[in-house]
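Asker: no sequence on hand, only this structure:
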């Protein structure tokens, strides 16, 4: 039977090897709520949400467990019905933030179980369009690294087989940001894609000035150049520079994507699986983007985003983050600069019990 018999959660905290920084973050770990849905016949679907430094993790956990009444006793194939029942239930508390993140973890776990019950890779259940997808190394090149560290790290990513890397910007002195980009471009050469992420650091005028100075480096994109909620400011930057602008990781659901599209805020939308509301809503957001002739590139959640990349024609890449790799039995496969879409049933990734026990909180 495909009826969901129980919902369980486990809290873990994954420490980073060293502190990392962006223009708005100081990070030492990633705390996760792991979600498992078990059907009456023993099929287990898995999903998770995360917060930087494990802050407010208990609130995420309590919210997820609070949705159990909308999940247990339902078929795993009722993904749309479960999603909308939760959506209606959270109307008084809002359709952004913790509530949507909690819904995301449940939705991912439900789809994972649904694909496993029929023995299909999830992207085949969605409708496959490719077997591999472009990616870029995003687990390094942080703002708190020196130029020498950046050069060594970028060269290391290329040696590992990546064909693109992402560098964080956001220094108070724009000359420093330009120097960092110049050094990394020289280190990796012109055949490697170079992306930069400002993490919302700048005003529109600052972003435009810096964007124009960076055009000589042939960047793939400039990400989140201004405050995430400043759609008009994003649009001003997008229209003023030649380099594509990517943004959207901080927006929620298809409605956030619609608002960005209406404002002309970005050339490339970056839905985040957790903030979108899981697979069900991410696919709707991607459809909205496709209807407006815009590509999407998934933010974080590399392992679980591969099923989306394998089934969404307008998905151009996924962000490669290794923060959560230790949680899984399976590892991502990089070949010729592209990530391979898993062929195992479900998402293709399962939690490693020993790792879960090692990083478990409480």
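Answerer: Happy to help now that I have it. Keep in mind that what you see is a predicted model, and the values were worked out from it rather than measured.
Asker: quick one: mean pLDDT for the strand of greatest length in the chain?
Answerer: Using DSSP state E to define each element, the chain has its longest strand at strand 4-21. On average, the pLDDT along strand 4-21 is 95.
Asker: after that strand, which helix or strand is next? Please name it.
Answerer: Moving toward the C-terminus from strand 4-21, the next helix or strand (DSSP states H and E) is strand 26-39.
Asker: given that following strand, what are its sheet partners and their directions?
Answerer: Next to strand 26-39 in the sheet, as set by DSSP bridges, lie strand 4-21 (antiparallel), strand 44-52 (antiparallel).
Asker: out of the ones you listed, deepest packed?
Answerer: Highest mean neighbour count of the strands paired with strand 26-39: strand 44-52, a mean of 23 (counted as mean count of other C-beta atoms under 10 Å). For the C-beta atoms, the positions are set from N, CA and C on the backbone; glycine is no exception.
Asker: in the helix or strand just after it, what counts as buried?
Answerer: Note on strand 44-52: by DSSP H and E, the next helix or strand toward the C-terminus is helix 57-66. Of all the residues in helix 57-66, those buried under the rule 16 or more other C-beta atoms under 10 Å are 57, 60-61, 63-64.
Asker: swap in stretch 152-172?
Answerer: By neighbour count on 16+ other C-beta under 10 Å, the buried set for stretch 152-172 is 153-155, 157-158, 162-171.
Asker: ok, stretch 176-195 next?
Answerer: 177-178, 180-181, 183-185, 187-188, 192-195.
Asker: and what of stretch 203-215?
Answerer: 204, 207-208, 210-211, 214.
Asker: quick one: contacts of that stretch?
Answerer: 169, 174, 177-178, 181, 196, 198, 202, 222, 225-226, 230, 233-234, 236-237, 240-243 (C-beta atoms under 8 Å, 6 or more residues apart in numbering).
Asker: for the stretch 151-300 of the chain, which segments are assigned as strands?
Answerer: When assigned using DSSP state E, counting those that start in this stretch, the strands of the stretch 151-300 of the chain occupy the ranges 164-168, 193-197, 222-223, 245-247, 268-269, 296-298.
Asker: for the last one, name the packing helices and strands.
Answerer: Counting by 3 or more C-beta pairs under 8 Å, 6 or more residues apart in numbering; DSSP states H and E, the packing neighbours recorded for strand 296-298 are strand 268-269, helix 278-291, helix 302-309, strand 315-320.
Asker: cool, and the fourth one?
Answerer: Counting contacts by 3+ C-beta pairs under 8 Å, 6+ apart, strand 245-247 packs against strand 222-223, helix 231-240, strand 268-269.
Asker: gap between that strand and the chain center?
Answerer: 14 Å (C-alpha atoms, centre = their mean, to the nearest Å).
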